[in-house]
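>>> When you get a sec, could you give me coordinates for this:
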Amino acid sequence: MKKKSVRLLTLLLALCVTACQIPFFNQKTPAGYVRYCAFLLNSQGLYADSPEWRAKMKEVFAEASKISSMEEAHDVVTAAAKVAGGKHSFLAAPVSDTASYPECAPEVKLLESNIAHVRLPFHTGDRISDSLYIYTVS
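Down below sits the predicted model:
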């Protein structure tokens with residue numbers, strides 16, 4: 001009985017910790033996007049250990065709750081990236097790619113003297129085209 005309750009308590013604790021992280025890093029909300037980007041910049045920024053970055057990070061977290069649109073959030077993140085990573089640092093704006101790309105298989109031709117000519121088109125990265133791509137090329 002005691003083992004069962006300890007396991008249940010451990011599982012409950014793990015779920016609570018995970019649930020607490022979800023609203024903090026929800027990238028679909030402007031505040032969550034800013035927090036997530038600040039976390040990335042703090043862990044990977046070239047100047048993340050500088051006092052300027054620590055001050056800027058406090059500003060970013062204070063502004064995160066006041067932001068109402070993703071454009072504003074991206075502006076805040078861009079300014080923060082300059083401090084944490086230097087003048088050439090930036091993060092691409094969050095966009096969802098809804099464009100449809102045509103399926104193109106690689107073209108393989110056997111030329112004279114047993115020379116293979118393989119034309120590789122762009123690759124979309126989905127699993128169905130992976131197998132077609134690999135089968136045709138090999």
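
>>> Flag the shaky bits of the chain, pLDDT-wise.
1, 15-25, 95-105, 122-130, 133, 136-138 (pLDDT under 70).

>>> How is it divided into domains?
Domain segmentation of the chain under automatic domain parsing yields 8-85, 107-137.

>>> three-state assignment of Ile67?
coil (DSSP: H, G, I helix; E, B strand; the rest coil).

>>> which residues touch the residue lying closest to it once chain neighbours are set aside?
Of all residues not flanking Ile67 in the chain, Pro30 sits nearest, at 4.4 Å (CB to CB, 6 or more residues apart in numbering). C-beta here means a position set from N, CA and C on the backbone, and glycine is covered the same way. Contacts for Pro30 (CB atoms under 8 Å, 6 or more residues apart in numbering) come out as 64, 67-70, 72-73.

>>> And the helices in this structure?
2-24, 30-44, 51-64, 70-85, 127-137 (DSSP state H).

>>> returning to what we had before: from the contacts of Pro30, which would you call buried?
Among the contacts of Pro30, those classed as buried by 16 or more other CB atoms under 10 Å are 64, 67, 70, 73.

>>> and the third one, how far is that from Cys37?
Just to be clear, that refers to Met70. Separation of Met70 from Cys37 (CB to CB, to the nearest Å) stands at 11 Å.

>>> returning to what we had before: dump the domains of the chain into JSON lines; add distance to Leu91 as well.
Below are the domains of the chain laid out as JSON lines (distance: least, CB to CB, whole Å):
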{"stretch": "domain 8-85", "distance to Leu91": "6"}
{"stretch": "domain 107-137", "distance to Leu91": "21"}
